[in-house]
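K.L.:
Got a predicted structure plus its sequence, pasted below:
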Amino acid sequence: MIYRTLGKSGIKIPVIGLGTWQFGGEWGKDYTAQEVVEIMAAAKSVGINFIDTAECYGDHLSEKLIGEAIHNERDKWIIATKFGHKYNKFQDRTVASSPADVTAQLEASLRALQTDHVDLYLFHSLNDEAFNNQEMWTVLQNHQKAGKIRVLGISVSHMDNPGQVKRATEVGASVIEIAYNRIWKIAEKESLPECQRQNLGVLARVPLASGYLTGKFNPNSTFAANDVRSLNGQKGVEQHVKLVEEIRNEVPAGVPMAHWAMAWCLKHPAVHAVLPGCKNPAQVIDNARAAELLER
């Protein structure tokens, strides 16, 4: 594994992290506590000690499963979680970003994760009205001073929000999480250069374009009703598969497309780490191999 310092945050993380939205039950599978224990053990075995989760991956469900799995070795892990939404049911979330809401969510996350602090706490893809609430940021900075948060960050909404990125340092954030991969490159236009200008840590989420950049899907592929990818319908599957086929010739012979896609993100000078998800321990171990494609 290769490790990089996450911009001016000072946190050192592996270039391959562990995305855990799937633990919340919205990617076609419900996870048991034992399955999560096994996934965490696999991650640890290949040097992945950075976990990305959120308050609304289930109702703190992903956090709870993680907390149960690692509470005996909390000091060996770097945890990022998020705030700003209340989970109601599958793909149904309520915005909850008032100072009181954020404080309540932080306390709930700490309980679920069985820890007294989170390493990285991220504004979770909310609109500019929520972002511009200075009282919210002041409360967060107070929690940071109290030791409950090490570093503040912003998970940018949808594909991109350069306006929020430009104000990151102003509101006390030093890390940006943003959608970025070979077929979703809009962040290259403004946000990634701005991250470099401010020396912000950059986490690339969906580096595999929700699994499409593994190259294993075809136009007839289908997803379970409780899988977020099913919401785009069959036309969405066909469009994504077509985009992947258009770039397949860029993948060197003998290199798995998934490894190439993650390394492609990591070779951008602004990007410090990627956050692929996984279904099982074998996928975690396989994801880690993408680091082999980088120059050490």
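P.N.:
Perfect, I can see it now. Numbers count the residues shown, from 1 in each chain.
K.L.:
Could I get the CA-only coordinates of the helix or strand residue 94 falls within as CSV?
P.N.:
In this structure, residue 94 sits in strand 92-95 according to DSSP states H and E. This file holds the C-alpha atoms of strand 92-95, laid out as CSV (Å, rounded to 0.1, in the frame of the first residue of the first chain):
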residue,chain,number,x,y,z
ASP,A,92,-35.6,8.8,1.4
ARG,A,93,-33.6,11.3,3.4
THR,A,94,-34.6,14.5,5.2
VAL,A,95,-32.1,17.4,5.3
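K.L.:
tell me the mean pLDDT over the helix or strand that comes right after it?
P.N.:
Later in the chain than strand 92-95, the nearest helix or strand by DSSP H and E is helix 99-113. Average pLDDT, helix 99-113: 97.
K.L.:
Look up how far residue 287 lies from the residue nearest to residue 10 when sequence neighbours are not counted.
P.N.:
Of all residues not flanking residue 10 in the chain, residue 151 sits nearest, at 7.9 Å (CB to CB, 6 or more residues apart in numbering). (C-beta placed from N, C-alpha, C; glycine too.) From residue 151 over to residue 287 the distance is 24 Å, taken as CB to CB, to the nearest Å.
K.L.:
Who has more neighbours out of those two?
P.N.:
Taking other CB atoms under 10 Å, residue 151 and residue 287 do not tie; residue 287 has more neighbours (27 against 23).
K.L.:
residues near the closest residue to residue 231 other than its chain neighbours, how many?
P.N.:
Leaving aside its sequence neighbours, residue 231 sits nearest to residue 91 (CB to CB, 6+ apart; 6.8 Å). Neighbours of residue 91 under the rule other CB under 10 Å: 10.
K.L.:
Could you report the distance from residue 91 to residue 106?
P.N.:
Taking CB to CB, one finds residue 91 at 24 Å from residue 106.
K.L.:
Count the neighbours of residue 269 for me.
P.N.:
10.
K.L.:
Was I right to think it contacts residue 195?
P.N.:
No: at 9.9 Å, residue 269 does not count as touching residue 195 under the criterion of CB atoms under 8 Å.
K.L.:
residues contacting residue 222?
P.N.:
Going by CB atoms under 8 Å, 6 or more residues apart in numbering, residue 222 touches 230, 234, 237.
K.L.:
Restrict those residues to the buried ones and give me that as a PyMOL selection.
P.N.:
Here is the PyMOL selection string for the buried members of these, based on 16 or more other CB atoms under 10 Å:
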select buried, resi 237
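K.L.:
As TSV, the contacts of residue 222 with pLDDT, distance to residue 102 and secondary structure would be great.
P.N.:
TSV is the format used below for the contacts of residue 222 (pLDDT from 0 to 100; distance: CB to CB, whole Å; DSSP: H, G, I helix; E, B strand; the rest coil):
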residue	pLDDT	distance to residue 102	secondary structure
230	85	31	helix
234	91	39	helix
237	91	37	helix
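K.L.:
tell me which of the contacts of residue 222 is nearest to residue 53?
P.N.:
residue 230 (22.3 Å; CB to CB).
K.L.:
That closest one and residue 111: what is the separation?
P.N.:
Residue 230 is 32 Å from residue 111, by CB to CB.
K.L.:
returning to what we had before: assign the residue nearest to residue 10 to helix, strand or coil.
P.N.:
In three-state terms, and counting by DSSP: H, G, I helix; E, B strand; the rest coil, residue 151 is strand.
K.L.:
show me the contacts for it.
P.N.:
Residue 151 neighbours (CB under 8 Å, 6+ apart): 6, 9-11, 119-121, 144, 174-175.
K.L.:
which among the residues you listed end up buried?
P.N.:
The buried subset of the contacts of residue 151 (16+ other CB under 10 Å) comprises 6, 9, 11, 119-121, 144, 174-175.
K.L.:
can I assume residue 119 sits in a helix?
P.N.:
No: according to three-state DSSP, residue 119 belongs to no helix; its state is strand.
K.L.:
Just to check, it is in contact with residue 12?
P.N.:
No: here residue 119 lies out of contact with residue 12, judged by CB under 8 Å, at a distance of 10.8 Å.
K.L.:
one step back: the residue nearest to residue 231: what's it in contact with?
P.N.:
Counted by CB under 8 Å, 6+ apart, residue 91 has contacts 26, 228, 231.
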